[in-house]
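Asks: structure, please.
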Amino acid sequence: MIAGAPGPVAGSSPDPPPSASVYNIANALTLVRIALVPLFVWTLFLDGTGWRLASFGVFAAASITDKIDGDLARARGLVTDFGKIADPIADKALIGAALVSLSVMGELWWWVTAAIMVREIGITVLRFVVIRRGVIPASKGGKLKTLLQVFAIGFYILPGPLDPLRWATMGAALAVTVVTGADYLVRAWRLWRSGDGAS
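Replies: From the prediction side, this is the model:
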C-alpha cells in the first residue's frame, strides 16, 4: 500500500465485480440457436425419413446449445442482461417454430400450439413490460417446462409409432407450461409492486 493512501474503510463492502461483456461465447451460442430455426423448419417440411431425421438432428443441436450457453454463462461469469432476455427468446423461437410447423403439417392439435404460444408470447411481452423494474430470470419450473417441450417435440419429429409417448410428454409439457406461466405472472406483479414501493 502506498504511504499516506487511505486504507479500506472498516465495514465497507468490496467493489462489485465487473459486469460481463455482452460479446461472449454464451451469447454467441444463443444467437446460433436463433439462426438454426429457419434451417430446422426447412428440413422439417421436406419429404422423406432421411430429411425427418435431419430435422430432428438440427432441432436437437439447437436445443443442446440452450444447456451449453447457460452452463458457460454461470461457470465463467458471463451472465448478462442481454443473455437473460435473448436466451428465452431463442427458446421460444425454436419451440414456437416447431409447434406451428407440426400443426400446419396436421401432426399436432392447433389448440395445443395456441395454448403454449399464448403463454410463451405473453410471458415474453411481460418481461419487457417490467424490464425497467428488473429482469425476471428463468426459474427451475421454467427450465423443466422447456425440457418437457423439447422432448415432446422431439418425439413428434421422429418418425415411427410413438403416439402414446408423444401424447404423454406433450400433455406434461402443456401442464407445466400453464403452471409456470401463472408463477411468472405472480413474480412480475411482485416485481412491479416492489418498484412502486421503492419509488
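
Asks: could you measure from Ala86 over to Thr30?
Replies: To Thr30, Ala86 is 5 Å away according to Cβ to Cβ, to the nearest Å. Any C-beta I mention is one placed from the backbone N, CA and C, and that applies to glycine too.

Asks: look at these two and report which has more neighbours.
Replies: Between Ala86 and Thr30, counted using other Cβ atoms under 10 Å, the more crowded position is Thr30 (25 against 19).

Asks: look up phi and psi at Gly106.
Replies: phi 80, psi 20 (degrees, to the nearest 10).

Asks: what is the burial count for it?
Replies: Count around Gly106 with other Cβ under 10 Å applied: 8.

Asks: and the pLDDT for it?
Replies: As predicted, Gly106 sits at a pLDDT of 96.

Asks: could you find the closest non-adjacent residue to Ala93?
Replies: Val37 (5.2 Å; Cβ to Cβ, 6 or more residues apart in numbering).

Asks: and that neighbour, how many neighbours does it have?
Replies: 19.

Asks: likewise Pro161?
Replies: 7.

Asks: before we move on, what about Leu148?
Replies: 19.

Asks: is it in a helix, a strand, or coil?
Replies: Here Leu148 is recorded as helix under DSSP: H, G, I helix; E, B strand; the rest coil.

Asks: is it in contact with Val178, as I believe?
Replies: No - the pair Leu148 and Val178 does not pass the contact test of Cβ atoms under 8 Å, sitting 11.9 Å apart.

Asks: ok, now which ones touch the residue positioned nearest the centre of the chain?
Replies: The centre of the chain sits closest to Pro88, judged by Cα atoms, centre = their mean, with a distance of 3.0 Å. Residues in contact with Pro88 (Cβ atoms under 8 Å, 6 or more residues apart in numbering) are 123-124, 127, 138, 142.
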